[in-house]
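Peer 1: Need a 3D model of the sequence below.
(one chain, ligands or ions: 1)
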Amino acid sequence: MHPHLLSVDSLTRDSVDRLMHVAARMEPIASRRQVTRVLEGAVLGNLFFEASTRTRVSFNAAFCRLGGSVCDTTGFTFSSMAKGESLYDTSRVMSGYCDAIVMRHPDQGSVAEFAAATHVPVINGGDGPGEHPSQALLDFYTIDKEFNRLGKHLGNAHVLLTGDLKYGRTVHSLFKLLSLYDPMRFTLVAPPGLEMPAALIELVASRGHRVEERSSLADDYTDVDVIYTTRIQKERFTAEMSEGFSLSRDFTVDRTFLDRRCARDTIVMHPLPRDSRPDANDLDVDLNGDSRLAIFRQTDNGIPVRMAIFATLLQVDDLIEKDLRPVRWFVPPRVGIDDPQL
Ligand code: ASP
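Peer 2: Prediction:
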């Protein structure tokens with residue numbers, strides 16, 4: 001793997017497969033059955049200049065579960081960037097303190113600029129509307145695990161990507177990552193003005209995949225294997241776009257939509273957070289507890305995948321099995337009250 005993880009563009013099918021393999025070996029640690037200390041003494045710098053719960057905390061937890069420690073900073077207000085410090089200076093300073101750095105920043109390309117100033121591995125935790133490669137890796141890991149459980153194969157799969165496909169960095173990364181694999185079918189459903197960038201559609205189509213665009217979910221999707229819904233990224237809208245924007249109910253994925261228009265084994269994913277305010281019409285909570293809703297399995301998968309990214313970048317992936325001990329504290333058999341038995 002490349003010394004940094006900045007974009008899916010640096011990944012190959014082989015490097016993704018290797019990471020998936022390492023992630024699977026992390027499962028006993030991620031699910032709190034075993035403990036390792038392979039990163040004992042190592043320090044992670046978590047630099048988040050945009051809102052985050054999952055990405056920040058799961059990178060943090062993944063590093064700690066490998067035995068490392070984490071230094072965290074959130075927002076511009078409490079960082080020296082508020083005093084005009086450049087990405088170059090911040091990068092060099094952080095590199096003197098940390099063995100790996102995860103950064104999220106509102107500007108596309110900023111994490112790559114930060115990484116260009118250091119030899120310490122940098123992971124892009126989301127650069128504006130650009131990319132979110134670790135999310136794509138955990139999404140891919142989730143699809144692979146769910147397909148294994150359902151006896152399905154990736155080749156010929158039908159994936160529906162819906163919501164804000166213009167500013168949604170997770171769908172940009174996932175669309176490119178899936179396109180590294182055997183020909184699939186993609187249906188893209190976005191509200192007007194929030195369509196997938198044309199360059200990405202061209203890239204994926206040039207790799208032999210079938211890509212179709214539609215403007216509403218009011219259709220039959222009985223042969224769709226995966227529905228990947230996304231939040232409308234209003235924080236990236238111009239003032240003009242924000243004025244009077246509201247998402248029609250036609251874009252809501254809920255129990256009625258799944259029961260009436262999809263197959264019984266369609267899985268539903270979302271990078272989260274879902275916007276649960278009444279007019280948001282994002283992924284509905286009426287699917288909670290339904291085994292087709294894979295969103296919390298997806299967030300759980302963030303831990304083994306992010307552990308695998310650290311272990312690979314810091315070159316300890318071969319040491320994991322040599323260093324395992326059983327956990328000594330209480331761990332509930334299921335962590336969520338609505339988690340379905342699969
Ligand atoms: N958490 C994801 C991201 O940071 C998705 C979202 O915010 O809607 O891109």
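Peer 1: Around the ligand, which positions in the stretch 201-342 of the chain sit nearby?
Peer 2: Counting by CB under 6 Å from any ligand atom, the stretch 201-342 of the chain comes close to the ligand at 231, 271. Yep, even glycine has a C-beta here, placed from its N, CA and C like the rest.
Peer 1: Could you pull out the strands in the stretch 201-342 of the chain for me?
Peer 2: Ranges of strands in the stretch 201-342 of the chain, per DSSP state E, counting those that start in this stretch, are 210-214, 226-229, 267-269, 325-326.
Peer 1: Just name the most buried of those.
Peer 2: strand 226-229 (a mean of 26; mean count of other CB atoms under 10 Å).
Peer 1: what's the distance between it and the middle of its chain?
Peer 2: Centroid displacement of strand 226-229 relative to its chain, using CA atoms, centre = their mean, to the nearest Å, is 13 Å.
Peer 1: Contacts for that strand, please.
Peer 2: Here strand 226-229 makes contact (CB atoms under 8 Å, 6 or more residues apart in numbering) with 139, 143, 146, 157-163, 171, 174, 221, 253, 262, 266-270, 274, 282-283.
Peer 1: Below-threshold pLDDT in this structure: ranges please.
Peer 2: Low-confidence segments of the chain, defined by pLDDT under 70, are located at 1.
Peer 1: And the residue nearest the centre of it?
Peer 2: Most central residue of the chain, judged by C-alpha distance to the mean C-alpha position with CA atoms, centre = their mean, is residue 135 at 1.6 Å.
Peer 1: In contact with that one, which residues?
Peer 2: The contact partners of residue 135, taken as CB under 8 Å, 6+ apart, are 55, 126, 169, 170, 173, 174, 271, 302.
Peer 1: The nearest residue to the third one once chain neighbours are set aside: how many residues sit nearby?
Peer 2: For residue 169, the nearest residue in space outside its immediate sequence neighbours is residue 132; the separation is 4.4 Å by CB to CB, 6 or more residues apart in numbering. Residues contacting residue 132 under the criterion other CB atoms under 10 Å number 26.
Peer 1: Hmm, residue 132 is touching residue 173, no?
Peer 2: Yes - shown here, residue 132 and residue 173 form a contact pair, counting by CB atoms under 8 Å, at 5.2 Å.
Peer 1: Any residues of the stretch 51-200 of the chain in contact with the ligand? List them.
Peer 2: Counting by CB under 6 Å from any ligand atom, the stretch 51-200 of the chain sits next to the ligand at 126, 132, 169, 170.
Peer 1: What is the most widely separated pair among those residues?
Peer 2: Greatest spatial distance in these: 126 and 170, 8.3 Å, computed using CB to CB.
Peer 1: where do the contact lists of these two overlap?
Peer 2: Counting by CB under 8 Å, 6+ apart, the contacts common to residue 126 and residue 170 are 132, 135.
Peer 1: can you tell me which helix or strand the nearest residue to residue 173 once chain neighbours are set aside belongs to?
Peer 2: Distance criterion CB to CB, 6+ apart; nearest residue to residue 173, sequence neighbours excluded, is residue 136 at 3.6 Å. Using DSSP states H and E, residue 136 falls within helix 133-150.
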